[in-house]
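A.B. asks: build the 3D model from these lines:
(chains A and B)
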2 protein chains.
Amino acid sequence: MAPIQNPRIIFNSIPEGYPIPGETLVVDTSESIDPDTAPLGGGALLKIICISVDPYLRGRMREPHIPSYFPAFPLHKPIHNFAVARVLRSENPDVKVGQHLYGWLDFTHYQIVDAEGLKKLRVLPEGTGVPWSAYVGAAGMPGQTAYYGWKVLEPKKGETIYISTAAGPVGSAVVQLAKAAGLKVIASAGQEGKLQFLRELGADVVFNYKTANLEEILKEHAPIDIYWDHVGGKTLDAVLPRMNLHGRILIVGHVSSYNSKPDPVYNLDQFLALRIRMYGFLVTDHEEQYGKEFYDVVPGKIARGELKYTETVVHSLEEAPQLILDVQQGNNAGKAVVVLEDN
Amino acid sequence: MAPIQNPRIIFNSIPEGYPIPGETLVVDTSESIDPDTAPLGGGALLKIICISVDPYLRGRMREPHIPSYFPAFPLHKPIHNFAVARVLRSENPDVKVGQHLYGWLDFTHYQIVDAEGLKKLRVLPEGTGVPWSAYVGAAGMPGQTAYYGWKVLEPKKGETIYISTAAGPVGSAVVQLAKAAGLKVIASAGQEGKLQFLRELGADVVFNYKTANLEEILKEHAPIDIYWDHVGGKTLDAVLPRMNLHGRILIVGHVSSYNSKPDPVYNLDQFLALRIRMYGFLVTDHEEQYGKEFYDVVPGKIARGELKYTETVVHSLEEAPQLILDVQQGNNAGKAVVVLEDN
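C.D. replies: Next comes the predicted model:
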């Protein structure tokens, strides 16, 4: 085969607010690759099948000196995220042609990964009936976030949970875990289609945070035993006085300040009054403890239709920068994913 | 004996900011009692030996409909707090004349407690060499707060702890626990005498929060593994970015908002970045678990001089309202206590 174009999404400039397609992130088509002959150096050539788009990516588009839970993306290099790829060629004994691998890969079509990098990728099972895109969603990092976070919270039957951005891939998995465990579920999202999905999942109280009065709804359904927080800022501040004694808050994201300065929070005196516990949570901290159990349990539930999810899919890399922006603005529904191939 | 005056401190009006002596709290001398003949109704007549003055009392001077961790003081009734009293007369088989009892008692000289109330009081050991006033301080509620909170935090040798209002009865006990456990201790207070006491206790970094630059000091000694928070507001906000990965914060008080509206806190996005855990803590929640151990261990340490403390003492009830205000403004040093008798 002659060399073919290998487009990539490049981190071009550090955004002030929202990441702007064509400015923050640009499509670069200057590179090409010959998949048949490109030297592998002991590694493998992968074809990207699908790659995830997640809210947390915004945090990586920052000045490199600012510390955070994942490293900043280097400027003028391809961005990467959780992806599934098929092995096209391999010089590595641990990786076979035709296998599907999961892990951090570039926003590109073809990627050569060296022996060290291959060790960090997980070999996925074949023929399970689970779509590959689910392995970056309900059966991937977002699903793990829900599953591991649920363990940390030690929820009890009969408790009340409030989940913000509940229709996303993490939130919708938490809704289903909570309903299965016998909790009362309060769930919010920002679009009618998302609200309908939450009703189908069995959430007891569903509301549009853009139009409803959050304080009134919380007051009506208080006290809240568990707040699963993806938002932070004003939402967290409104929830605090409505928490129950010994309530727990899991801080999984803070999308309200990803693209702007954080809102002030005033109601922290509730921590003492109610003996609230608040936990900052990152999925990778719990991988070793719960990772095996997750892959033993969750893909099977997806294959049997017991764990539901929705997706917003685009089919080209060129659409990825806009999808990344849409996720920051809540304009996607469910798991956002770039699907480049089905198999 | 003829009836004698039995002065009491009455909760006279709900304060807006600081509690004002003579307005919020008034000395009432209209009541009298005959200690020899006053009917006991199956209870006991107690003589108050000493009564504690604590920062948390401000929170009880509120509108009764506002929920909090302890009930609001009823208006126009005597206020109460942790106290030690001697039994003068008893009609109750569980309580003997001459015994010393600990628990919530009124700001008064003589108090008749019924059988139900006597069950809530703890009989203190006699002849231990521990002054009675210590039983409302280092061997009482503040000491328990330090002791139980320390258990919750699971500190490790070599970690760094920052303690705000460190020279108070809780903070100074925590400083000593932390040094004994091999932690690096950063401690702040607002008076030179308090700073000197903290140096004597072995705190590694001692500073005056009124004159030093908190952010600079934290930056120099960061990262902080444990923040023992009595203050909240701006102090908490400054500490958050200086916490270590998997740092823990114990919210034991929030004196910055006892007498005014809470300051905004902006840096909560650090919870995710650093996977901070923050616990609202109230001593009474842990009484059942650690209470016996505390009384087995701590009074002995005090008697042997192994656990140090300081006190600000007044010797009349009439001075109590001013002492209550002084504690809110940080004008006392160490444990504030009204001592009416020595024995």
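A.B. asks: give the contact list for the residue in the stretch 151-300 of chain A that chain B sits nearest to.
C.D. replies: Closest contact between the stretch 151-300 of chain A and chain B, by CB to the nearest CB, is at residue A:264 (3.1 Å). C-beta coordinates here come from the backbone N, C-alpha and C atoms, glycine included. With contact set as CB atoms under 8 Å, 6 or more residues apart in numbering or on different chains, residue A:264 has these partners: A:237, B:264, B:265, B:266.
A.B. asks: next one: residue A:21
C.D. replies: Going by CB under 8 Å, 6+ apart, the list of residues near residue A:21 reads A:321, A:322, A:324, A:325.
A.B. asks: swap in residue A:7?
C.D. replies: A:27, A:28, A:29, A:31, A:108, A:109, A:317, A:318.
A.B. asks: the residues you listed: which two are farthest apart?
C.D. replies: Distances among the contacts of residue A:7 were taken as CB to CB; the most separated pair is A:31 and A:318, at 14.8 Å.
A.B. asks: same list (the contacts of residue A:7) but as CSV, adding pLDDT, secondary structure and distance to chain B.
C.D. replies: Formatted as CSV, the contacts of residue A:7 follow (pLDDT from 0 to 100; DSSP: H, G, I helix; E, B strand; the rest coil; distance: CB to the nearest CB, whole Å):
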residue, pLDDT, secondary structure, distance to chain B
A:27, 97, strand, 30
A:28, 97, strand, 30
A:29, 96, coil, 35
A:31, 96, coil, 33
A:108, 98, strand, 28
A:109, 98, coil, 32
A:317, 97, helix, 29
A:318, 97, helix, 31
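A.B. asks: list buried residues within those residues.
C.D. replies: A:27, A:28, A:108, A:109, A:317 (16 or more other CB atoms under 10 Å in any protein chain shown).
A.B. asks: so how many other residues sit close to residue A:221?
C.D. replies: 16 (other CB atoms under 10 Å in any protein chain shown).
A.B. asks: that one contacts residue A:161, correct?
C.D. replies: No: counting by CB atoms under 8 Å, residue A:221 stays clear of residue A:161, with 10.5 Å between them.
A.B. asks: re the thing from before, which single one of the contacts of residue A:21 is nearest to residue B:294?
C.D. replies: Looking across these and measuring by CB to CB, the closest to residue B:294 is residue A:324, at 54.6 Å.
A.B. asks: can you read off the pLDDT for residue A:331?
C.D. replies: The confidence metric pLDDT takes the value 90 at residue A:331.
A.B. asks: right, and residue A:319 touches residue A:338 too?
C.D. replies: Yes: if you go by CB under 8 Å, residue A:319 and residue A:338 touch, sitting 7.1 Å apart.
A.B. asks: give the residues shared as contacts by the two.
C.D. replies: By CB under 8 Å, 6+ apart, no residue touches both residue A:319 and residue A:338.
A.B. asks: more crowded one of those two?
C.D. replies: Neighbour count, other CB under 10 Å: between residue A:319 and residue A:338, residue A:338 has more, with 26 against 16.
A.B. asks: so who does that one touch?
C.D. replies: Counting by CB under 8 Å, 6+ apart, residue A:338 has contacts A:50-53, A:107, A:313-317, A:319-320, A:323.
A.B. asks: what does chain A have sitting close to chain B?
C.D. replies: Contact residues, chain A versus chain B (CB under 8 Å from any CB of the partner chain): A:67-69, A:232, A:236, A:251-254, A:257, A:261-282, A:285.
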